[in-house]
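> Whatever this is, show me its structure:
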Amino acid sequence: MQKQRLGRIDATIRFDIGQKISREIDPTSQSTVSPILPSGGWTPLSYILSGSGPGGASFTQEAEDGGFSIECTPGEWLLEAWVISQDTIELARGSCNCILQPGKTSRADITLYPLEGNGELSVYVIKNLEMPTGSRLVGQLRFKGLPGQASPSQALSIPIDKPATENELLFPELPAGYYILSLELKAEDGFVSGGCAIAALVLKDYTSSGACEIVMGLPVAGIGLELYPNEPLAQALLSVEHSVPEGVLALPIAVSKAGDSTLEAIQRIWYRNGSEVGSAVPILQGPAFLPADSFIFPLSSNSQEASVSRIDYTEEGEVSHRFGTGSLFLHSCDATQDSGWKATAVYDYRAAMGPSLCPHNETENQGSGQAEEARSIAASESGLIVAADFDADKYLHAFLAAYESTLAPPAQSVPSSASWLRLWRSRIRAQDPKSSDCLAVSADGRLIAAAATQGAWIWLGHLGEQGEIVSTSYLTSSSSNELEHFGNVKALCFSPSGDRLYAACSTAAEGRIFAFSTSSRSLELIHSKDLIIGTTTALPISDMVLTASGLLAVSSKDASKIVIFQDGASLEILYYLENTGVNTGLDKPIALATSIQGDSFYALCNGENLVRFSRADSTSLYTKDSLIPLALNSQGAKMIAAGHNGSALSESVLVVGGDCFEFIDISADGSQTASQIIDSEDIDSLGVAAPSSICFCRGAFLISGGVTGKIAVFGNSM
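Modelled structure (predicted):
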């Protein structure tokens with residue numbers, strides 16, 4: 001008789017509690033911003049596998065890593081598995097059947113979840129400010145479920161209402177599983193001063209203890225966006241820290257990373273000062289660089305309640321009960337108008353700190369946390385915002401604005417009070433580190449050009465599909481003999497397709513236009529041309545824009561002329577406009593802006609008048625079709641920008657640089673329909689009274705406040 005061949009059982013036991021466990025790191029010693037975990041030696045010490053097979057055969061083995069390999073008699077086997085903690089307490093138990101054939105190996109993967117039963121939760125509440133008499137600590141502890149089991153249909157919810165002087169919360173005899181503890185501090189009149197939301201895990205026969213922190217009234221606060229060390233759901237990236245004027249709803253944005261690591265449904269909730277404000281709202285369609293799985297704070301929530309609000313964002317797997325959380329701080333600043341164009345957000349150096357969507361260099365990605373001049377700002381139709389300097393390290397900063405993106409339901413769109421997502425922070429290098437006060441972004445946001453009015457260099461950055469820096473290049477006046485006179489860049493602009501970059505360079509005496517090809521991901525000089533009109537002396541240049549039909553309009557303040565160039569390799573001068581005949585009023589054009597209505601552009605003349613030039617078709621010349629005097633308080637302005645105001649019949653032009661800001665609504669025929677003044681006290685309080693640069697981005701005007709290091713966003717509330 002042939003001897004019966006043995007089979008082999010290869011088994012692996014895993015203990016799944018929704019946390020990553022490391023034998024080298026004690027989870028209970030992690031930072032207080034981590035989920036509250038059981039105290040003591042609750043992590044697995046050993047795994048036990050027992051088998052009962054044919055003819056009374058049996059085995060019992062123990063392993064530290066949960067891996068087993070056992071030779072057994074063929075037949076049907078019942079496998080039982082245990083997990084024992086470092087405190088010699090049973091954590092989990094389960095069983096399965098296994099059919100073993102002669103000479104074969106059967107594989108058994110056994111996942112065990114925490115046992116049902118009761119544990120205890122102890123929480124110490126840390127507060128940085130003593131509350132007035134009568135204040136209360138209110139909230140609730142909600143049971144979210146036990147890993148391995150379906151969510152309860154009627155979940156346990158324990159209300160909390162204690163005097164604010166009490167700092168300890170004790171919950172004995174809690175069912176094992178995950179909990180969300182949400183707290184808020186309320187004054188006697190119901191005013192919310194602060195709050196927090198934190199996750200906790202309770203295991204059978206263990207006490208979970210930890211702390212949660214409620215921070216109030218800090219004038220400056222860092223972004224609390226730290227990844228929980230043991231958290232299996234990838235940390236969502238939240239938008240940047242900023243200030244919001246009184247009466248404006250701050251709308252943080254979160255980019256979820258949880259979808260990359262799990263196929264289960266995710267519940268996403270926003271909290272403000274520990275109070276739940278609603279489910280996250282999906283952004284259905286936004287700018288090209290906006291990642292999938294982006295969510296915004298609910299638009300139906302109330303405006304900010306305190307001078308500093310903590311915003312928490314939580315994600316929970318509906319099956320595994322795994323958690324992901326993130327937080328940031330939002331601040332209050334002075335309000336402006338109640339209607340029309342008004343400030344909806346103010347950004348400073350704090351926006352240059354913290355995690356980024358595209359961190360290409362970890363060293364460059366972290367800001368110093370010191371204020372600095374905001375020298376220049378530019379934006380594209382694709383929502384890319386680029387700021388030069390902005391913190392003391394003098395870097396280039398890229399952000400993404402989701403303004404006007406569609407939401408669920410589709411009838412809603414993202415307003416200008418939604419905060420920016422930080423893309424990256426990078427040093428400008430053209431032979432050595434540079435600081436820029438002249439910026440341009442291509443229409444699709446894939447190209448960025450930077451230069452300096454007192455320099456002789458241009459830096460070019462190419463961005464990838466997610467907004468990351470793919471490559472950089474630069475040129476200087478020493479790059480070739482043809483660039484001998486290159487320098488003092490007054491304006492930059494890209495061609496409509498982005499295949500060419502134009503630079504207007506000017507000294508106090510003369511100006512020249514340079515055309516560069518960007519096709520090879522570097523700057524290659526195509527042609528250059530002096531701004532000469534019927535004389536042998538080049539005219540100095542004040543500004544340059546690209547019109548809707550692709551022509552270059554270049555202004556010379558000293559000569560009171562605007563020269564129209566052909567967009568092309570040879571930079572042909574087609575004609576020029578001067579202060580005579582039909583163009584009377586073209587006096588000292590210091591700044592230009594392209595209209596979004598037809599083929600038109602605006603010139604800010606002598607700081608007193610706004611003149612619009614238009615043409616009916618490609619065969620016509622640009623001629624003046626309107627002249628609009630500025631309000632008395634806004635005269636002396638130096639910069640203009642144009643953009644849509646939500647009306648199909650008009651657009652708005654922002655004029656800044658005088659004592660006040662003026663928003664002028666202009667109809668399709670060039671006539672002024674309305675004018676709105678933001679007075680000097682308002683712009684002083686926002687830190688943008690001496691602006692260094694302005695631009696328009698997807699329904700919002702952006703104003704950089706020069707030496708104050710602030711950037712204000714103005715949106716139309718009408």
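
> Let me see the confidence value for residue 622.
With respect to pLDDT, residue 622 has a value of 97.

> now do the one 3 residues further on
According to the predicted model, the pLDDT of residue 625 comes to 93.

> and it, how many neighbours does it have?
Here the count is done by other Cβ atoms under 10 Å, and residue 625 has 17 residues near it. Where you see a C-beta, it was placed from the backbone N, CA and C, and this is true even at glycine.

> Now do the same contact list for it.
For residue 625, the contacting residues are 600, 612-614, 669-670, taking Cβ atoms under 8 Å, 6 or more residues apart in numbering as the criterion.

> What strand or helix carries it?
Under DSSP states H and E, the secondary-structure element containing residue 625 is strand 623-629.

> coming back round to it: from the contacts of residue 625, list the buried ones, please.
Buried subset of those (neighbour count, 16 or more other Cβ atoms under 10 Å): 600, 612-614, 670.

> low-scoring stretches of this protein, by residue?
Across the chain, residues meeting the criterion (pLDDT under 70) sit at 1-4, 18-34, 216-232, 259-263, 305, 359-369, 536, 569, 718.

> domain assignment for it?
If you go by automatic domain parsing, the domain ranges for the chain are 7-112, 118-333.

> Any idea how far the strand holding residue 625 is from the middle of the chain?
40 Å (Cα atoms, centre = their mean, to the nearest Å).

> again, but for stretch 84-98
The gap between where stretch 84-98 is centred and where its chain is centred comes out at 44 Å by Cα atoms, centre = their mean.

> May I see the buried residues of stretch 646-660?
By neighbour count, with 16+ other Cβ under 10 Å as the criterion, the buried positions of stretch 646-660 are 650-660.

> just stretch 185-199 next, same as before
Buried residues in stretch 185-199, defined by neighbour count with 16+ other Cβ under 10 Å: 185-186, 192-199.

> quick one: terminal-to-terminal distance for that stretch?
By Cα to Cα, to the nearest Å, the extent of stretch 185-199 from end to end equals 18 Å.

> before we move on, the earlier item: from the buried residues of stretch 185-199, which is closest to residue 258?
Each of the buried residues of stretch 185-199 was checked against residue 258 using Cβ to Cβ; the closest is residue 199, at 13.9 Å.

> who's that closest one bridged to?
With DSSP bridges applied, residue 199 shows beta-bridge pairing to residue 180.

> Could you pull up the residues touching it?
By Cβ under 8 Å, 6+ apart, the contact list for residue 199 reads 35-36, 178-181, 314, 323, 325.

> now residue 654
Applying Cβ under 8 Å, 6+ apart, we find residue 654 in contact with 341, 640-643, 661-664, 694, 696, 701, 703, 714.

> ok, so of those residues, who is nearest residue 248?
Nearest to residue 248 among the contacts of residue 654, with distances taken as Cβ to Cβ, is residue 714, at 11.2 Å.

> how close does that closest one get to residue 631?
Relative to residue 631, residue 714 is positioned 17 Å away (Cβ to Cβ, to the nearest Å).

> who's more crowded, these two?
Between residue 714 and residue 631, residue 714 has the larger neighbour count (other Cβ under 10 Å), namely 27 against 16.

> elements contacting the helix or strand containing the more buried one?
Per DSSP H and E: residue 714 is located in strand 711-716. With contacts defined as 3 or more Cβ pairs under 8 Å, 6 or more residues apart in numbering; DSSP states H and E, strand 711-716 has these neighbours: strand 341-347, strand 700-704.

> Export these to a markdown table and append columns for mean neighbour count.
Listed next are the helices and strands packed on strand 711-716 as a markdown table, based on neighbours: other Cβ atoms under 10 Å:
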| stretch | mean neighbour count |
| --- | --- |
| strand 341-347 | 26 |
| strand 700-704 | 26 |
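
> Excluding sequence neighbours, find me the nearest residue to residue 146.
Nearest-residue entry for residue 146: residue 177, 3.7 Å, with adjacent residues in sequence omitted and distances by Cβ to Cβ, 6 or more residues apart in numbering.
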